[in-house]
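Peer 1: After the sequence you'll find the predicted model.
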Amino acid sequence: MTVTLERKPSEVEERIPPLPELRGLSPRRSLLLLVAGVLAITVGLGSVIGGAVGIVYTWGQAVEQGIVTPEDASIPNTPVRGPFTMKAQADIIEHHQLDRTGGLYYAEMPRQVQATDADGTLLFDDTGEPVMVNNDARTSWITATTLTTVLNLGIMAYALGAFAIVVGLSLLASGIVFLVLRRTLAAAPA
């Protein structure tokens, strides 16, 4: 005696339309999977290579500069090469600049200050007006900002290179899946 149990579909299953059988493959879908697979692999390879070249180029530029972090940096006495040493160098440049300017940033400082003589006495012109000169402490912020910006761009180059490599690997995997799926469906009986 054989007992057959029949399962009644649930409410959710009754509302979901059945998926078409994935047997066989029309020429149009075969071509679509082929193009998508080849395109994903091509773009993925380009992205991986581009990301790697960007990282190597940034590393090479850092090596050429020969910068070493100072003793008071968060990563002391280390050649600036990668994103962590670049960040340590940028941070210490800003720290030293704030020390030079009494904790003031560029926009917080006056463009000109009153001139002084060698003894530190304020200078006045013949009419009794103060003699004004460019504020060198404020101007030094331009150099500090340029240096920290370049270091931060190096950090960004490393991040974008890593992102390009990860996206490229994902595209490579997707392209391979498309091509395997195309082969599997083409081999399935119609």
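Peer 2: That came through, no problem. The structure displayed is predicted, hence computed values, not measured ones. Numbers count the residues shown, from 1 in each chain.
Peer 1: who's in contact with stretch 101-116?
Peer 2: Contacts with stretch 101-116, where a contact means Cβ atoms under 8 Å, 6 or more residues apart in numbering, come from 98, 122-123, 130-135, 137-138, 140-142, 145. Bear in mind the C-beta positions are built from the backbone N, C-alpha and C, glycine included.
Peer 1: For ChimeraX, what selects the buried ones among those residues?
Peer 2: Provided next is the ChimeraX selection string for whichever of the contacts of stretch 101-116 are buried by 16 or more other Cβ atoms under 10 Å:
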select :135,137,138,141
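Peer 1: out of the contacts of stretch 101-116, which are inside helices?
Peer 2: Leu98, Ala137, Arg138, Ser140, Trp141, Ile142, Thr145 (DSSP state H).
Peer 1: Pull the most distant pair out of those.
Peer 2: The most widely separated members of the ones in helices among the contacts of stretch 101-116, counting by Cβ to Cβ, are Leu98 and Ile142 (14.8 Å).
Peer 1: Mind listing what's buried along stretch 95-112?
Peer 2: Neighbour-count burial for stretch 95-112 [16+ other Cβ under 10 Å]: Gln97, Thr101, Tyr106.
Peer 1: Could you do stretch 148-158 as well?
Peer 2: Buried-residue list, stretch 148-158, by 16+ other Cβ under 10 Å: Thr148, Leu151, Gly154, Ile155, Ala157, Tyr158.
Peer 1: Equivalent analysis for stretch 35-45, please.
Peer 2: Of the residues in stretch 35-45, those buried (16+ other Cβ under 10 Å) are Ala36, Gly37, Ala40, Ile41, Val43, Gly44.
Peer 1: Next up, the contacts around Arg138.
Peer 2: Residues in contact with Arg138 (Cβ under 8 Å, 6+ apart) are Thr101, Tyr106, Met109, Pro110, Arg111.
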